[in-house]
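what shape does this take:
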Amino acid sequence: MATTAQAMNSLPSGLGVFTTLPDLFFIPELVFGGLVWILVASTNVFMENPQGWVMFVSVFCFVFTFLWLLLFMMGVNKNSSMWASLDVAYHALAAFFYLSASVALAYVTTVLGQINLGNEIFFKYYQEDIAAVVFSYIATLLYAIHAVMSACRWKSL
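As a prediction, the model looks like this:
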């Protein structure tokens, strides 16, 4: 089983995925991405906003990250440099997608916060949007760190 010290020199497989960096970030990426998905899906759309894009990003990244994790666990990567480069490319793309979704959702949440409808239902949705923004930025950070650490591993292969 690979340790975190060995992670930068090889691609893990099997349960080694859960003990190596940057692959240890798979689980938090899934958790925070799932939270964004749930929170955005549970709010109402009061005006034109980018929640469709945020939903696409969160669902796409959740499903693709889960599939990527399964592929690594099954050992499909075979410690290949090509898989390492694909790992970097996917996580960089996911970080970019989440950043764009986070900024758009934060903007709309700020605008909605300025429109005070004066009822508790609106305030509940506003709080959910704030939580979705926070979790979206956390997911962005996790994917970005994963991308940078995967790039370091790719260079060392």
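
buried set for the longest helix along the chain?
Ranked by residue count and defined by DSSP state H, the top helix of the chain is helix 120-156. Burial within helix 120-156, assessed by neighbour count using 16 or more other Cβ atoms under 10 Å, is assigned to 122, 125-126, 128-147, 149-151, 153-154. To be clear about C-beta, it is placed using only N, CA and C from the backbone, and glycine gets the same treatment.

now do that helix: which elements does it pack against?
Here helix 120-156 is seen to pack against helix 26-41, helix 51-74, helix 81-114 when contacts are counted using 3 or more Cβ pairs under 8 Å, 6 or more residues apart in numbering; DSSP states H and E.

what's the most buried one of those helices?
Ranked by mean neighbour count, these are led by helix 26-41 with a mean of 20 (mean count of other Cβ atoms under 10 Å).

what's the mean pLDDT across that helix?
Averaged across helix 26-41, the pLDDT comes to 92.

okay, the angle between that helix and helix 51-74?
160 degrees (axes from the mean of the first three to the mean of the last three Cα atoms, to 10 degrees).

other SSEs contacting helix 26-41?
Counting contacts by 3+ Cβ pairs under 8 Å, 6+ apart, helix 26-41 is packed against helix 51-74, helix 120-156.

and those: which comes nearest residue 89?
helix 120-156 (8.5 Å; Cβ to Cβ).

average pLDDT across that closest one?
Rounded mean pLDDT across helix 120-156 is 89.

also stretch 58-77?
The average pLDDT for stretch 58-77 rounds to 91.

name the residues that touch it?
11-15, 17, 23, 26, 29-30, 33-34, 36-37, 40, 83-84, 87, 90, 94, 97-98, 101, 136, 139, 143 (Cβ atoms under 8 Å, 6 or more residues apart in numbering).

now do the contacts for residue 101.
50, 53-54, 57-58, 136.

measure it to residue 132 for me?
10 Å (Cβ to Cβ, to the nearest Å).

pull up the overlap in contacts between these two.
residue 54.

next up, phi/psi of residue 22, please.
Backbone torsions for residue 22, taken as degrees, to the nearest 10, come to phi -90, psi 0.

that one is in contact with residue 145, isn't it?
Yes. Counting by Cβ atoms under 8 Å, residue 145 is a contact partner of residue 22 at 7.0 Å.
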